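S.K.: Kindly generate the corresponding structure for this input.
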Amino acid sequence: MRGSPSHLWLMAVAVVLAACGPAAQQTVNPAPAAESQGQSRTLTIAARYEPPSLATKSLRQTAGGIRSTTRLFNAELDLLDDRQTPRPYLAEALPQLGSDSWRVEPDGRMETRYWLKPGLTWHDGVGVSAEDFVFAWAVYATPAFGVSGSRPLSLMEEISAPDERTVVIRWRQPYPDAGVLADGFQPLPRHILEEPFRRQDADSFVNLPHWSSEYVGLGPYRLERWEPGAFIEGAAFAGHVLGRPKIDRIVVRIFADENVVLTNLLSENVQAAAGRSLRFEHGTVLKREWGVSGKGTVLFSPGNTRHTNAQTRADVAEPRAILDLRVRKALVHAIDKQALNDGLFDGEGLMADAFLNREILYLQNIEQVFAEIDRAIAKYPYDLRRTEQLMNEAGFTRGRDGFYANAAGERFSMEAWGDSGPQLEKELAIMAETWNRAGIEARSYLLPAAQLRDLQKRSSFPAVYSTSSKTLEELSSATIPTAGNRWTGRNLGGWSNAEYDRLWDAFNSTLDSAERIQRVVEMVKLASQELPAWGLYYNPSVAAHLAVLQGPNTADSGTDVWNVHEWELR
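M.R.: So this is what the prediction gives:
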């Protein structure tokens, strides 16, 4: 299916389905104690990714797909719902521009003010103070932890607490998203972490058990047990700011293989599968198996954009010709996106021309924004004649063996990197095959699952690397992974462009909505012309749950459990 990104929203409809067929026997993780005792109010969720830390704003390298788990144990000032609309959470209200809660000074600095809801407590029963936010700022602003350069932290000048329930954030410049911090900033329990923060080095502090097996947060569930590689178990937190969850206990089981997730759903060993723990084809299997008796619900939501990064650092690039824009354009013209669509989604997917995912924009009229982007960007349709013309211009001709080589007879040969996983492996195989068929030698390299969180390794790819994206920030110079930021940056190809950085800064410093939209269009247009990355397709996020569970309403891995405190087992 070809068309505009808006078509993918048609997939975000819950399909109630039925008739569970027999499943093959699979080995599952040992059941935690709560389940073995037969407690009827325990919800078991399958997840594919195990977080390195339960913190929302982690000091460790993280991969996508873990928010579904960390959300269970955390609460922030605001909460994004299933429509990506911010709601007050720990705060009584969100800052409003032009009021006492959001003031802009003549020199461009800003101040936002939050009043905390009364009676907030940490999971261990200690009361929450505005000083916990001040302390968190001190931690996150410490350069040794590698996150101080990320937004919104890099734009914060200071955080203060005039009293126990008032949090004041001073901003260095105008920042239009200052009222939507979401998971960009969270409070930390000062009574637990202040002493080790003062006395320990960065590595020791990051590795404290607080961040994992002894985590204390503010979310709807309190951590009770964590068996690494197997499951994480939590108990309903009576002090949760939005009320005690209706389900007493929750268990997140970790299954690296999506096929095992599917089998456990069909055999009812788990009641739900979080977003990104199932693939598109698993959703179609569930639709067929549950299609009569109403035993479950399948949810599809627009997911991140799959895109390919090009290596732009001269000291890493191999072959060096990947630095030539003409070569990168030739590569994109040689990608058969219809073959990708047919191979991955039976022709029912939605292909992407740009790397951008709509979820990062807190803007009005999002369909209009994407229509403007579609008109502005450079596009590279599948065209092997254009590929040949560009390769010739770059000094490569196609030899008798069918592959391009330079005047010295050296073949253009590159490694094409991708992540492990059935869908992603198939994606890489299709792309490598079409490149080779076009005369561009591409050798597939699958990054092992164990290295998914190793951004130092991931950013060392020599030529091209296909991954997922959702933010404009991922092409800014400030997010290039380096030893200085503990390899936490997401600009994996190391692209640095002064004009793009200027546009990104302007996007984040203007409070005018129309001007912000124009900066977005200009950024995406520039990226499409310079090709540090190019879009492949919009990857649908799939979630599913049995009919006994009521409450889930989205498959997006960032918000799929946003209202977990309201869920019910019947």
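S.K.: Name the residues of stretch 84-99 that are buried.
M.R.: 84, 86, 89-91, 94-95 (16 or more other C-beta atoms under 10 Å). C-beta here means a position set from N, CA and C on the backbone, and glycine is covered the same way.
S.K.: From the residues you listed, which land in strands?
M.R.: The strands, defined by DSSP state E, take in Pro86 from these.
S.K.: List just the nearest of the buried residues of stretch 84-99 to Ala144.
M.R.: Leu90 (27.2 Å; C-beta to C-beta).
S.K.: Quick one: the helices in the stretch 251-400 of the chain, in order.
M.R.: Using DSSP state H, counting those that start in this stretch, the helices of the stretch 251-400 of the chain run over residues 258-266, 280-289, 325-333, 337-345, 366-376, 384-393.
S.K.: could you measure the residue nearest to Thr482 when sequence neighbours are not counted against Ala450, distance?
M.R.: Distance criterion C-beta to C-beta, 6 or more residues apart in numbering; nearest residue to Thr482, sequence neighbours excluded, is Gly489 at 6.8 Å. To Ala450, Gly489 is 21 Å away according to C-beta to C-beta, to the nearest Å.
S.K.: Neighbour count: those two, which is higher?
M.R.: More neighbours surround Gly489 than the other of Gly489 and Ala450, with 23 against 9 (other C-beta atoms under 10 Å).
S.K.: Now do the domain split for the protein, please.
M.R.: For the chain, automatic domain parsing gives the domain ranges 5-73+219-303+541-569, 78-195, 305-538.
S.K.: ok now do Gln456, which residues does it touch?
M.R.: With contact taken as C-beta atoms under 8 Å, 6 or more residues apart in numbering, Gln456 is in contact with 481, 483, 487.
S.K.: With secondary structure added, can I get these in a markdown table?
M.R.: Listed next are the contacts of Gln456 as a markdown table, based on DSSP: H, G, I helix; E, B strand; the rest coil:
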| residue | secondary structure |
| --- | --- |
| Pro481 | coil |
| Ala483 | helix |
| Trp487 | coil |
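S.K.: on that earlier part again, Ala555 is nearest to which of the helices of the stretch 251-400 of the chain?
M.R.: Between these, helix 280-289 lies closest to Ala555; by C-beta to C-beta that is 8.7 Å.
S.K.: how distant is that closest one from the center of its chain?
M.R.: Relative to its chain's centre, helix 280-289 lies at 24 Å (C-alpha atoms, centre = their mean, to the nearest Å).
S.K.: who are the neighbours of that helix, in terms of helices and strands?
M.R.: In terms of contacts (3 or more C-beta pairs under 8 Å, 6 or more residues apart in numbering; DSSP states H and E), helix 280-289 is packed against strand 15-17, helix 258-266, strand 296-301, strand 541-546.
S.K.: For Leu77, find the nearest of these.
M.R.: strand 296-301 (24.4 Å).
S.K.: pLDDT (mean, whole number) over that closest one?
M.R.: Throughout strand 296-301, pLDDT has a mean value of 91.
S.K.: go on, stretch 79-97?
M.R.: For stretch 79-97, the per-residue pLDDT averages 93.
S.K.: how long is that stretch end to end?
M.R.: 19 Å (C-alpha to C-alpha, to the nearest Å).
S.K.: circling back to that earlier point, can you redo the helices of the stretch 251-400 of the chain as CSV with distance to Ala555 and mean pLDDT?
M.R.: Formatted as CSV, the helices of the stretch 251-400 of the chain follow (distance: least, C-beta to C-beta, whole Å; pLDDT from 0 to 100):
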stretch, distance to Ala555, mean pLDDT
helix 258-266, 13, 95
helix 280-289, 9, 91
helix 325-333, 29, 98
helix 337-345, 15, 95
helix 366-376, 19, 87
helix 384-393, 36, 98
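S.K.: Tell me which of those sits nearest to Trp115.
M.R.: Taking those one by one with C-beta to C-beta, helix 366-376 is closest: 30.3 Å.
S.K.: in the closest one, what's buried?
M.R.: Neighbour counts using 16+ other C-beta under 10 Å place 366, 369-370, 372-373, 376 of helix 366-376 among the buried residues.
S.K.: Return the members of the contacts of Gln456 classed as buried.
M.R.: 481, 487.
S.K.: from the contacts of Gln456, which is closest to Ala130?
M.R.: Closest to Ala130 out of the contacts of Gln456 is Trp487 (32.7 Å), distances taken as C-beta to C-beta.
S.K.: circling back: in a markdown table: the helices of the stretch 251-400 of the chain, plus distance to Pro187.
M.R.: A markdown table is the format used below for the helices of the stretch 251-400 of the chain (distance: least, C-beta to C-beta, whole Å):
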| stretch | distance to Pro187 |
| --- | --- |
| helix 258-266 | 33 |
| helix 280-289 | 37 |
| helix 325-333 | 44 |
| helix 337-345 | 41 |
| helix 366-376 | 30 |
| helix 384-393 | 52 |
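S.K.: Identify the residues contacting Pro88.
M.R.: 77-79, 94.
S.K.: what do you get for Leu223?
M.R.: Shown in contact with Leu223 (C-beta under 8 Å, 6+ apart): 54, 73, 123, 213-217, 232-234.
S.K.: Columns distance to Glu281 on top of those, output as a markdown table?
M.R.: Output for these, formatted as a markdown table (distance: C-beta to C-beta, whole Å):
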| residue | distance to Glu281 |
| --- | --- |
| Leu54 | 31 |
| Phe73 | 31 |
| His123 | 39 |
| Ser213 | 36 |
| Glu214 | 39 |
| Tyr215 | 35 |
| Val216 | 40 |
| Gly217 | 35 |
| Ile232 | 27 |
| Glu233 | 30 |
| Gly234 | 31 |
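S.K.: from the residues you listed, which two are the most distant?
M.R.: Val216 and Glu233 (15.3 Å).
S.K.: Those two: who's more crowded?
M.R.: Neighbours were counted for Val216 and for Glu233 using other C-beta under 10 Å; Glu233 has more, 22 against 19.
S.K.: Make sure that one is indeed in a strand.
M.R.: Yes: counting by three-state DSSP, Glu233 is located in a strand.
S.K.: ok, now which ones touch it?
M.R.: 32, 34, 223-226, 249-252.
S.K.: Mind checking which of the residues you listed are in strands?
M.R.: 223-226, 249-252.
S.K.: want to throw those residues into CSV with distance to Thr471?
M.R.: Shown next, in CSV, are those (distance: C-beta to C-beta, whole Å):
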residue, distance to Thr471
Leu223, 29
Glu224, 34
Arg225, 34
Trp226, 29
Arg249, 35
Ile250, 29
Val251, 31
Val252, 26
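S.K.: Which one of those residues sits in the busiest neighbourhood?
M.R.: Ile250 (27 neighbours).
S.K.: picking that back up, now the domains of the chain in a markdown table, with distance to Val206?
M.R.: Output for the domains of the chain, formatted as a markdown table (distance: least, C-beta to C-beta, whole Å):
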| stretch | distance to Val206 |
| --- | --- |
| domain 5-73+219-303+541-569 | 5 |
| domain 78-195 | 7 |
| domain 305-538 | 9 |
